[in-house]
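Student: compute the structure for the input listed below.
(2 chains, ligands or ions: 4)
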Amino acid sequence: MNMLKTFSKGGVHPSENKISANRSIEILPLPQKVSIPVSQHIGAPATILVAKGDKVKVGQIIAQSAGFVSANIHSSVSGTVESIDAVLDSSGYKRQTITITVEGDEWESSIDRTTDLKKDIQLTSQDIIKRINEAGIVGLGGATFPSHVKLSVPSGKKADVLIINGVECEPYLTSDHRLMLEKGHELMVGIQILMKALNVSKALIGIENNKPDAINYLKIIAGEYKGIEVHALKVKYPQGGEKQLIKALVNREVPSGGLPIDIGTVVHNVGTAFAVYEAVQKNKPLFERVVTVTGKILPRTANYMVRIGTSVSDLIAAAGGLPEDTGKVVNGGPMMGKALVNTDVPVTKGTSGIIVFQSKESKRKTESVCIRCAKCVSICPMGLEPYLLNKLGQQMIFDRMEQENVLDCMECGSCSFECPAHLPLLDYIRLGKAEVSKIIRSRKN
Amino acid sequence: MSSVLLLSILMLSLLGIVLAIILYLVAQKFKVFEDPRIDQVEAILPGANCGGCGFPGCRGFADAFVKTDDITRMFCPVGGNDTMAAAAAIMGKTVEAKETQVAVIRCAGSPENRKRIVQYDGATSCKIATSLYGGDTGCQFGCLGLGDCVAVCKFDAIYIDPTTLLPVVDEEKCTSCGACVKACPKFIIELRKKGPKGKRIFVSCINKDKGGIARKACQVACIGCGKCVKTCPHDAITMENNLAYIDFNKCKLCRKCVEECPTGAIREANFPPRKPKIEAEVQTEKTE
Ligand code: SF4
Ligand code: SF4
Ligand code: SF4
Ligand code: SF4
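Tutor: Numbers count the residues shown, from 1 in each chain, chains lettered A, B, ... in the order given. Ligands and ions are numbered 1, 2, ... in the order given. Next up is the predicted model:
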């Protein structure tokens, strides 16, 4: 038996709990209204183009990208703009949001709504990037970094391989898994489009070995497309991290503070590649995505195709409603996701899953003291010393944290997960990252 | 045998003397003149090394104090006016007395007034909690009660009240060093003039939401109704972003606004209890 590939440094094995893996993607019925925040991506919030009372159609642009690192926002429904106001977002802060009352389902006529597969790519590399920018596509794996920025390779650098992230290493989440099984051909064409945009002849899809059906299926159909290889990877968290995935697939290391492009690679998520297919071949901007709704105590788990802006409470209601004993509702995966302070918040481009935990599952265990077991050091995929960073963070010695490369932390949460003393290591590391970034910024000015 | 002993004692003594002379000469050559007044000023300062003056510790302050020409902008909040006068005397200067200040907490959202809607179980640090979410109540401006301000106070002047879950400043101990003001990620704490006999009036809220939203989140929030602005006979109150602010210098401590505020967002400190006469008047007014 040959050894499966994986990354070499650190990593953990949380229980997988992929409860919704067998549930095919369902289309969630249209909600009564949607709330679409203008900042769903990393970078500048988009500038609002509509006013209260305006009629909009599905796919119409309602907020325009405000700069290079920013993204367009499109209406996900047809109806009337009810209000433009600051609305609570998933972390309890108010964000500028466009609320639209749904009337019918009238799409922009330029969008091709047929389901036929369109294989030949007519656009040039530059036009592809332009179209992706117009369609408001951001990294759908959760990072929400505007995709056109990653595709615009800076001069002097060159990509030689495209890496497609089908790892889905977070426990519970299954949206990428279902997408690979059900939209395999569209995904392949999407990858070809990305290859053309980057001008590379090779693309590698990395999928963890706990999804053998997806691996087999994509391996079979990959034969029809030039230059695409499917690789099975050993299950290990956080393999979905860009740097870990690159290491696993092509055995290159991104230098500290560097980007994948520095070593000739560009990474995109499978969800993003599918959105690229729809944008380029079907002229459909990004206004819906697959969201996993799951949890051990939910009566019914599901993978829904959801219009952006639908309320999380609508999603949970469709999945059978919030059980009595709910302790936490998490947006994203259980390792890197964030607990919601209230469920009346909209699904955004970065929402890959909603997980409902029972109160007893969700309680943090009481902290004790660090016993210097060095578990956190050995599992840290970035080679950091979390116990030390935690102490430095508590004592607010931020210059030392900078020397200890705190900014390399990818916030995977493995250290807090493994710590036998249940210390909130990542909390203090995050604090350190924020403060160190501030210090560096002030140094530049 | 004894000559060996004698010789070694002699040799070592000689060596000691020669080295001492060298050391003395070197010290003379590299001598740095330091103004003796720096030591004198430092001796007067409280020695708290709190950094409230903006210098790295009391020595840093003394050094700058002696070397600068213009001392009017320098102030040791811990030592206060007496210390400043004494320090200025050393320099042969005088300083104007500053009004003493005290830290005030501009949030009154106790659990009674402000319902907790989520439970936070992360690290005990207001800074970390702020980076994670808006807060455990409907108010994204209010105090988180995790005590970053308490942790930084060098004078033990601030503590979290176990029933209101809000910080309380001990006026006697507070030196107005401002450490808590800098530590609070929510910008809740303000240094305010202490006022005559400690009497002062301030809006104990920083919620900038519109009235309905603010009131829903907290019963004692400033709802930006503007009643206080209209009532104030001395033009001391201004309104910005649905939040009233009272200018200490204009406020004549008449307490009219306190009575007028429908939510009770305005706080009065160290006033004697109101005369029952006024209450009776108010009551008769109501019955009429
Ligand atoms: S959260 Fe950061 S420090 Fe902790 S294991 Fe992950 S990369 Fe390392
Ligand atoms: S309460 Fe605040 S201003 Fe007063 S002494 Fe303590 S830290 Fe300084
Ligand atoms: S006043 Fe500020 S620092 Fe003090 S407990 Fe409240 S939020 Fe924390
Ligand atoms: S009267 Fe009270 S609620 Fe109204 S603006 Fe003044 S402080 Fe705010």
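Student: count the neighbours of B:D161 for me.
Tutor: Other residues lying near B:D161 total 11 when counted by other CB atoms under 10 Å in any protein chain shown. Placement of C-beta: from N, CA and C, glycine included.
Student: quick check, it in contact with B:D170.
Tutor: No: B:D161 lies out of contact with B:D170 (CB atoms under 8 Å); the separation is 11.5 Å.
Student: which residues are common contacts for these two?
Tutor: With CB atoms under 8 Å, 6 or more residues apart in numbering or on different chains applied, the contact sets of B:D161 and B:D170 do not overlap.
Student: tell me how many other residues crowd residue 24.
Tutor: This is for chain A. A:S24 has 9 nearby residues by other CB under 10 Å.
Student: my question was about chain B, not that one.
Tutor: B:Y24 - counted by other CB under 10 Å - has 10 other residues nearby.
Student: surely it forms part of a helix?
Tutor: Yes: assessed by DSSP: H, G, I helix; E, B strand; the rest coil, B:Y24 belongs to a helix.
Student: for it, give its distance to B:F33.
Tutor: 17 Å (CB to CB, to the nearest Å).
Student: so who does residue 191 touch?
Tutor: Picking chain A for this. Listed by CB under 8 Å, 6+ apart, the contact set of A:I191 reads A:L162, A:I164, A:A203, A:I205, A:Y225, A:I228, A:A273.
Student: you looked at the wrong chain, it should be chain B
Tutor: B:L191 makes contact with B:Q101, B:V102, B:A103, B:V104, B:S176, B:G178, B:V181, according to CB under 8 Å, 6+ apart.
Student: among the residues you listed, which ones are buried?
Tutor: Among the contacts of B:L191, those that count as buried by neighbour count (16 or more other CB atoms under 10 Å in any protein chain shown) are B:Q101, B:V102, B:A103, B:V104, B:S176, B:G178, B:V181.
Student: quick check: closest non-adjacent residue to the fourth one.
Tutor: Spatial nearest neighbour of B:V104, chain neighbours left out: B:R192 (4.9 Å); criterion: CB to CB, 6 or more residues apart in numbering or on different chains.
Student: distance of that neighbour relative to B:R200?
Tutor: 6 Å.
Student: need the overlap of contacts for those two.
Tutor: Shared contacts of B:R192 and B:R200 (CB under 8 Å, 6+ apart): B:V104, B:F248.
Student: in the stretch 251-400 of chain A, which residue sits nearest ligand 2?
Tutor: Closest to ligand 2 within the stretch 251-400 of chain A is A:M396: 15.1 Å, counting by CB to the nearest ligand atom.
Student: once you drop chain neighbours, what's closest to that residue?
Tutor: With sequence-adjacent residues excluded and distances taken as CB to CB, 6+ apart, A:M396 is closest to A:E435, at 7.6 Å.
Student: what does the one you found show for phi and psi?
Tutor: phi -70, psi -40 (degrees, to the nearest 10).
Student: check contacts around A:V250.
Tutor: A:V161, A:I163, A:L204, A:T265.
Student: just send those residues back as CSV, with distance to A:N251 and secondary structure too.
Tutor: Formatted as CSV, those follow (distance: CB to CB, whole Å; DSSP: H, G, I helix; E, B strand; the rest coil):
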residue, distance to A:N251, secondary structure
A:V161, 12, strand
A:I163, 12, strand
A:L204, 12, strand
A:T265, 11, strand
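Student: would you check which pair of these lies furthest apart?
Tutor: Spatial extent of the contacts of A:V250 (CB to CB) is set by the pair A:L204 and A:T265 at 9.3 Å.
Student: okay, and the common contacts of these two?
Tutor: Counting by CB under 8 Å, 6+ apart, the contacts common to A:L204 and A:T265 are A:V161, A:L162, A:I163, A:V250.
Student: give me the subset of those residues touching ligand 4.
Tutor: Applying CB under 6 Å from any ligand atom, the subset of these adjacent to ligand 4 is empty.
Student: who wins on neighbours among those residues?
Tutor: A:L162 (25 neighbours).
Student: name the SS class of residue 50, please.
Tutor: Just going to use chain A. Reduced to three states by three-state DSSP, A:V50 is coil.
Student: for A:A71, see how far away it is.
Tutor: Distance of A:V50 to A:A71, computed by CB to CB: 17 Å.
Student: so the two - more neighbours on which side?
Tutor: Between A:V50 and A:A71, counting by other CB under 10 Å, A:A71 is the more crowded of the two (34 against 18).
Student: ok, the more buried one touching A:Q40?
Tutor: Yes: A:A71 lies in contact with A:Q40 (CB under 8 Å); the separation is 7.4 Å.
Student: can you classify B:I201 as helix, strand or coil?
Tutor: B:I201 is classified as strand under three-state DSSP.
Student: could you give the number of residues near it?
Tutor: B:I201 is flanked by 25 other residues according to other CB under 10 Å.
Student: mind checking how far it is from B:A265?
Tutor: According to CB to CB, B:I201 stands 11 Å off from B:A265.
Student: repeat that for B:L146.
Tutor: Distance from B:L146 to B:A265, counting by CB to CB: 23 Å.
Student: tell me which of those two has more neighbours.
Tutor: B:A265 (27 against 22).
Student: measure the more buried one to chain A for me?
Tutor: Relative to chain A, B:A265 is positioned 20 Å away (CB to the nearest CB, to the nearest Å).
Student: what's the closest non-adjacent residue to that residue?
Tutor: Here the residue nearest B:A265, using CB to CB, 6+ apart, is B:C222, at 4.2 Å.
Student: still on that earlier bit, check the contacts of B:L191 and tell me the two furthest apart.
Tutor: By the measure CB to CB, B:V104 and B:G178 form the most distant pair in the contacts of B:L191, at 12.2 Å.
Student: OK, contacts around the residue nearest to A:M396?
Tutor: Neighbouring residues of A:E435 by CB under 8 Å, 6+ apart: A:M396, A:F398, A:M401.
Student: state the phi and psi torsions of A:L181.
Tutor: Torsion angles, degrees, to the nearest 10, at A:L181: phi -70, psi -40.
Student: how about the contacts made by it?
Tutor: Counting by CB under 8 Å, 6+ apart, A:L181 touches A:S24, A:D213, A:A214, A:Y217.
Student: same thing with A:G10?
Tutor: A:S378, A:I379, A:C380, A:P381, A:M382, A:G383, A:S414.
Student: and the closest residue to B:C143 other than its chain neighbours, how many neighbours?
Tutor: Closest residue in space to B:C143, ignoring its immediate chain neighbours: B:C107 at 4.2 Å, by CB to CB, 6+ apart. As a burial measure, B:C107 scores 27 neighbours (other CB under 10 Å).
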